[in-house]
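Student: Provided below are the primary sequence and the corresponding predicted coordinates.
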Amino acid sequence: MSKKIAVIGLGNSLRRDDGIGVIILGSLLNHYPRPGIDYLDFGIASFDLIHRLQDYDTVLLIDGINAKLPIGELKIFGLEQASFTNKDSALSSHELNLKDIFRLTSDLEITTKIYVAGIQVADVGFGESLSGTLQEKLQELTEQVDKFIQERLL
């Protein structure tokens, strides 16, 4: 039996860089679709996401983060590492942030291996376009995420 894998984009595309997870998900689907992987757009994550996570062996969440990294830097880490970030630094601006997702998956004893591809955002104000830096790095970020999928998830 093959393992079930999902790549999930998170973010609000009406809040500029906050939509980067959903935009990269779309770019992966357009340029690097891989059989055997479910590509899911969860937009602004809700509690439905927690229930879907348990349907998979491995999940990669793609999301904009505020971790005080250089703008457009990609950091891929296990979800459990989200709990070690600075308390004053919000990792995500969705209904459920990454810390909430980690806490709930732990409390519910969900055994899915969850990775996070976090991209440092610059501007999460209202608007539909990415900031200049993220726009310029979009292809490079998509390639980096695809490389991770190829090397670590398959």
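Tutor: That came in fine, so what should we check first? Residues are numbered from 1 along each chain as shown.
Student: Could you pull up the contacting residues of the residue nearest the centre of the chain?
Tutor: If you average the C-alpha coordinates of the chain and look for the closest C-alpha using Cα atoms, centre = their mean, you land on residue 62, 1.5 Å from that point. The neighbours of residue 62, taking Cβ atoms under 8 Å, 6 or more residues apart in numbering as the test, are 7-10, 20-21, 24-25, 116-117, 119, 145. Where C-beta positions appear, they are placed from N, C-alpha and C, glycine not excepted.
Student: residue ranges of the strands in the chain, please?
Tutor: Under the criterion DSSP state E, the chain contains strands at 5-10, 37-43, 58-65, 74-78, 113-120.
Student: Reformat those into JSON lines and put distance to residue 151 and mean pLDDT next to each item.
Tutor: Formatted as JSON lines, the entries for the strands of the chain read as follows, by distance: least, Cβ to Cβ, whole Å; pLDDT from 0 to 100:
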{"stretch": "strand 5-10", "distance to residue 151": "13", "mean pLDDT": "96"}
{"stretch": "strand 37-43", "distance to residue 151": "14", "mean pLDDT": "95"}
{"stretch": "strand 58-65", "distance to residue 151": "12", "mean pLDDT": "94"}
{"stretch": "strand 74-78", "distance to residue 151": "11", "mean pLDDT": "93"}
{"stretch": "strand 113-120", "distance to residue 151": "12", "mean pLDDT": "94"}
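Student: Show me how far stretch 69-80 is from its chain's centre.
Tutor: For stretch 69-80, the separation from the chain centroid amounts to 10 Å (computed by Cα atoms, centre = their mean, to the nearest Å).
Student: For stretch 32-49, give me every contacting residue.
Tutor: Outside stretch 32-49, the residues touching it (Cβ under 8 Å, 6+ apart) are 2, 4-13, 22, 25-26, 28-29, 52, 56, 92, 94-96, 101, 142, 146, 149-150, 153-154.
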